[in-house]
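1. Test case, fold it:
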Amino acid sequence: MITLEQIKQYHQKTKHTVNRLASSPGFMDWENQPDPYRFYRDTARINLTLLTEKEIAQSDLCYDDLYAVKSIGSVSPRNEPATTNSVNNLTLASLSVFFQFSMALSIWKGSNGSQWALRMNPSSGNLHPTETYVLLPKSLEDQSITAGVYHYNPFFHALEKIASIGKESDIQGFGIIVSSIPWREAWKYGTRAFRYVNHDVGHALGSLAVSGNLQNWKLQLESKVLDTQLDHILGFDQIDWSGLEKEHVDCLVWMAPHTLELQEAKEQDKKSLFFDFLKDNGALEFHYTKAMMNQLSKEEVIWDLIEDVVKCTRYDLLIAKPVIRPLQEHKLKTGSRLRAYDIIRKRRSAQAYDRAASQMTFSDFLHLLERTQLYEQSLFEGLNMPNLINLVLFVHQVVGLESGLYMFIRNREVLADLQLRMSQDFKWEPIAGDLYLLKKGDFRKIAREISCHQEIASDSCFSLGMLAGFESIIAQNPVWYKRLFWEAGLIGQILYLEAESIHLRGTGIGCFFDDVCHDLLGLKDSTYQDLYHFTIGSAMLDTRLVENKPYFFRD
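-> Take a look at the predicted model:
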């Protein structure tokens, strides 16, 4: 198949090697840096509310409670009476909280006259290619928001109405359409940017699931809605993108109460009818034109490799989920009792680690690895992501565990195959649960070299590589190529929050020498591929930076 070969060629050509990095601009063209915010100018803007520090302090919801669904309470925004947070009674306030703790700004930082914002959701290079849209099937009871399609603007923490829906539906819940603008990443990273864009989709899906759970809402990936229909819902099928940085749809997720499980079949029927209705040309009235969308850069540099792989991985053919037997459920030991809102808000990427202070206990180490088992917790169950990624661990300073090279098996179906294909010198000594020791020793130097010689991979408690089943998976449907990166990004988001919960800090690593890692493991072909690296340690803070509240300009 031409499409499959194109994907494999893209992946091969965008590998970093010791002698050659993947094609990129080679310098930072600051005059042409893309705007990290999409604005729909002159559309109706609805400003969302923000919880104050006092209101957040009222919450006794602990971080671990995020994984205990169906019994979660929430902050009562703006002193409203506490409710069960049913999407049936969706309010402007509850929608505001949802976005405030998923896709909004988290803090401003500045130095030498420059300032930049960080967000709740992580992004490679803080470049943020991800956009989100609300699909609201019916008006809120107080009519503060009417049925339609809205763009979430994180700069203003506001919704911009881009379309009205001609006929409302009584479906419970609302949709979130996730899209990406690859140019924001390609401006810095060149051809490898498509990988990072899809890591960020995974980061965003994790953020949305966590924030939804704070409202007792369950996130469900709508696998029967194809990209062509999402283009139609957003009006992208009507846009001539010449002269404007192209935005690509990624997926639709549906937020609905956890309490709806008994009515799930009935609600699915309603959604099917609603999506069928939206296919009609007259179902949506759009309130924007191309001229109302801001141009992000003076000039977009087109990377043909990215353009081709975007086309190859569109979701235009329904897929079946690869069959992976669910893991046996077990209750994790209690971890952090820190407040959930505080952990979400303070998530950052570390820029450097204090090697001496970067230590963690074996109990914490095993706990955070087990958190990544997507089948063992219903928080992320609705994303329908099979555990296709296993973790290669470079353990440096975990108290109670010898330094060395380890594997954490998230997909037990491939354990025997990995043992067969990887180096026969590895011990595969069972340590605890799904954790195996491959080889004892000091792997700091190797970890640093694999991660493009970055010390964050060697000065931490541990670093890891995400090894995915690859060739047989993308052969099933090309869309699995980008969804493998989604799963990697989701794992990254889980690790970010877990690190904060034990007073450490995580960092995603997109720059690594792919095949150097494969060679270390003894892998000879593309049956498995390394897709993302991550590291956790004690962060060294840059005291030169000045900080400010995320929405100081709204005070």
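2. So for stretch 168-188, first residue to last residue, what's the gap.
-> Chord length of stretch 168-188, first to last residue, is 43 Å (CA to CA, to the nearest Å).
3. buried residues in the helix or strand encompassing Lys266?
-> Following DSSP states H and E, one finds Lys266 within helix 264-278. Buried residues in helix 264-278, defined by neighbour count with 16 or more other CB atoms under 10 Å: 267, 270-271, 274-275, 277-278. C-beta: built from backbone N, CA, C; applies to glycine.
4. which intervals of the stretch 151-300 of the chain have sub-threshold pLDDT?
-> 259-263 (pLDDT under 70).
5. ok, which stretches of it are strands?
-> Secondary structure of the stretch 151-300 of the chain (DSSP state E, counting those that start in this stretch): strands at 158-165, 174-180, 217-221, 248-257, 284-286.
6. so which of those gets nearest Leu383?
-> strand 217-221 (5.1 Å; CB to CB).
7. Compute the inter-axis angle for that closest one and strand 248-257.
-> 140 degrees (axes from the mean of the first three to the mean of the last three CA atoms, to 10 degrees).
8. coming back round to it: could you give the angle of the helix holding Lys266 to strand 158-165?
-> For helix 264-278 against strand 158-165, the angle by the same axes, to 10 degrees is 80 degrees.
9. Can you tell me which of the buried residues of helix 264-278 is nearest Met120?
-> Comparing the buried residues of helix 264-278 against Met120 with CB to CB places Lys271 closest, at 27.3 Å.
10. what's that closest one in contact with, if anything?
-> Counting by CB atoms under 8 Å, 6 or more residues apart in numbering, Lys271 makes contact with 171, 222, 254.
11. In the residues you listed, which residue is surrounded by the most others?
-> Within the contacts of Lys271, most neighbours by other CB atoms under 10 Å means Trp254, with 24 neighbours.
12. Which strand residues bridge that one?
-> With DSSP bridges as the criterion, Trp254 is bridged to Gly175, Gln220.
13. so it makes contact with Leu208?
-> No - using CB atoms under 8 Å, Trp254 is not in contact with Leu208; the gap is 10.9 Å.
14. Give the intersection of the neighbour lists for those two.
-> Common neighbours of Trp254 and Leu208, using CB under 8 Å, 6+ apart, are 176, 219.
15. From start to finish, how long is stretch 248-264 in a straight line?
-> End to end - CA to CA - stretch 248-264 spans 30 Å.
16. ok, now stretch 457-476?
-> Start-to-end span of stretch 457-476 (CA to CA) is 34 Å.
17. Could I get the average pLDDT for it?
-> Averaged over stretch 457-476, pLDDT sits at 96.
18. What residues of it count as buried?
-> Quick answer for stretch 457-476 (16+ other CB under 10 Å): 457-470, 473-474.
19. quick one: stretch 13-21 to chain centroid distance?
-> 25 Å (CA atoms, centre = their mean, to the nearest Å).
20. Please shift the residue numbers so they start at 59 in all later answers.
-> Renumbered: residue one is now 59, and that last one reads stretch 71-79.
21. Name the residues that touch that stretch?
-> With CB under 8 Å, 6+ apart, stretch 71-79 has contacts from 80-81, 249-250, 252-253, 363, 510, 569-574.
22. possible to save these as JSON lines with secondary structure, neighbour count and distance to Ala557?
-> Shown next, in JSON lines, are the contacts of stretch 71-79 (DSSP: H, G, I helix; E, B strand; the rest coil; neighbours: other CB atoms under 10 Å; distance: CB to CB, whole Å):
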{"residue": "Ala80", "secondary structure": "coil", "neighbour count": "18", "distance to Ala557": "28"}
{"residue": "Ser81", "secondary structure": "coil", "neighbour count": "14", "distance to Ala557": "32"}
{"residue": "Thr249", "secondary structure": "helix", "neighbour count": "19", "distance to Ala557": "30"}
{"residue": "Arg250", "secondary structure": "helix", "neighbour count": "26", "distance to Ala557": "25"}
{"residue": "Phe252", "secondary structure": "helix", "neighbour count": "28", "distance to Ala557": "26"}
{"residue": "Arg253", "secondary structure": "helix", "neighbour count": "28", "distance to Ala557": "22"}
{"residue": "Leu363", "secondary structure": "helix", "neighbour count": "20", "distance to Ala557": "33"}
{"residue": "Cys510", "secondary structure": "coil", "neighbour count": "17", "distance to Ala557": "21"}
{"residue": "Cys569", "secondary structure": "coil", "neighbour count": "17", "distance to Ala557": "20"}
{"residue": "Phe570", "secondary structure": "coil", "neighbour count": "22", "distance to Ala557": "19"}
{"residue": "Phe571", "secondary structure": "strand", "neighbour count": "21", "distance to Ala557": "24"}
{"residue": "Asp572", "secondary structure": "helix", "neighbour count": "19", "distance to Ala557": "24"}
{"residue": "Asp573", "secondary structure": "helix", "neighbour count": "16", "distance to Ala557": "28"}
{"residue": "Val574", "secondary structure": "helix", "neighbour count": "18", "distance to Ala557": "25"}
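23. Double-check Leu441 against Leu279; I have them as touching.
-> Yes - contact criterion CB under 8 Å: Leu441 and Leu279 qualify, at 5.1 Å.
24. Find the residues that touch each one of these two.
-> Joint contacts of Leu441 and Leu279 (CB under 8 Å, 6+ apart) are 263, 311.
25. circling back: mind picking the two most distant members of the buried residues of stretch 515-534?
-> Farthest pair in those, by CB to CB: Asp517 and Ile532, 34.6 Å.
26. In the one helix or strand Gln67 maps to, which residues are buried?
-> According to DSSP H and E, Gln67 maps onto helix 60-71. By 16+ other CB under 10 Å, the buried positions in helix 60-71 come out as 61-62, 64-66, 68-69.
27. ok, now stretch 353-360?
-> So stretch 353-360, judged by 16+ other CB under 10 Å, has buried residues 354-355, 358.
28. can I get those in CSV with distance to Gly564?
-> Shown next, in CSV, are these (distance: CB to CB, whole Å):
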residue, distance to Gly564
Leu354, 28
Ser355, 30
Glu358, 32
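29. Specify which member of the residues you listed is nearest to Phe423.
-> The closest of those to Phe423 turns out to be Leu354 (CB to CB; 40.9 Å).
30. Contact partners for the closest one?
-> Per CB under 8 Å, 6+ apart, neighbours of Leu354: 92-93, 96, 239, 241-242, 303.
31. Now rank those residues by neighbours and give me the top one.
-> That'd be Arg242 among those, by other CB under 10 Å, with 29 neighbours.
32. Any chance of the contacts of Lys329 in CSV with distance to Gln409 as columns?
-> Formatted as CSV, the contacts of Lys329 follow (distance: CB to CB, whole Å):
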residue, distance to Gln409
Ile229, 44
Glu280, 37
Trp312, 37
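33. which secondary structure elements does whichever strand or helix holds Thr565 contact?
-> Using DSSP H and E, Thr565 falls within strand 563-567. Applying 3 or more CB pairs under 8 Å, 6 or more residues apart in numbering; DSSP states H and E, one finds that strand 563-567 contacts helix 537-559, strand 586-595.
34. Report the buried residues of that strand.
-> Buried-residue list, strand 563-567, by 16+ other CB under 10 Å: 563-567.
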